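>>> pasting the sequence and the predicted model now:
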Amino acid sequence: MQYLLMLFLFGFFAYALALVVINNNEVAVNLLFTQVPEMNFALLLIICISLGVLIGIILALLMFKVLQNKWELSRLKKENSKLNHKLKKATTELESLKADKELNVLDNATNPMIESSGSKKA
């Protein structure tokens, strides 16, 4: 992959160099707020393309970060929903166990004869 990228960059550099050598026409550059002295047309093209690529890369990175944050947020929401469901289920089971234990305690308290008579026979 590195060799392919290096080959691509070398080809791009060679193309840019050939463009500068072949297109040696001078053009005046009028920016919005200032006037730049005449410069080589190919060099102007290379500068514009480089700026466009740089701005595109920066915007793509920012957009990817936003999308990555949205994906992470949705994943965390799903995980939170699953954990809330498990918590409700565990709470329900705990309350059920507490209710069963209280019923056993109440049964033993209301019928002490059953428990004591069973122990006397043994």
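Sure thing, it's come through. Remember, predicted model here, so these are calculated numbers, not experimental data.
>>> what is the burial count for residue 42?
Using other CB atoms under 10 Å, the number of residues around residue 42 comes to 19. C-beta here means a position set from N, CA and C on the backbone, and glycine is covered the same way.
>>> so it lies in a helix, does it not?
Yes. Under DSSP: H, G, I helix; E, B strand; the rest coil, residue 42 falls within a helix.
>>> my read: it touches residue 17, true?
No. Under the criterion of CB atoms under 8 Å, residue 42 is not in contact with residue 17, lying 9.2 Å apart.
>>> where exactly do the strands run in the protein?
Listed from the start of the chain, the chain has strands (DSSP state E) covering 26-30, 35-40.
>>> to residue 74, which of these lies closest?
Proximity of the strands of the chain to residue 74 was assessed by CB to CB; the nearest stretch is strand 26-30, lying at 47.0 Å.
>>> by how many degrees do that closest one and strand 35-40 diverge?
150 degrees (axes from the mean of the first three to the mean of the last three CA atoms, to 10 degrees).
>>> any regions of the chain where pLDDT drops low?
In the prediction, the chain carries residues with pLDDT under 70 at positions 111-122.
>>> same thing but 90
When residues are selected by pLDDT under 90, those of the chain lie in 1-6, 8-10, 12-50, 53, 57, 59-71, 95-122.
>>> that one: helices as residue ranges?
Taking DSSP state H as the criterion, the chain contains helices spanning 2-22, 41-110, 112-121.
>>> quick check: buried residues in stretch 41-55?
By neighbour count on 16 or more other CB atoms under 10 Å, the buried set for stretch 41-55 is 41-44, 46.
>>> and of these, the nearest to residue 33?
residue 44 (17.3 Å).
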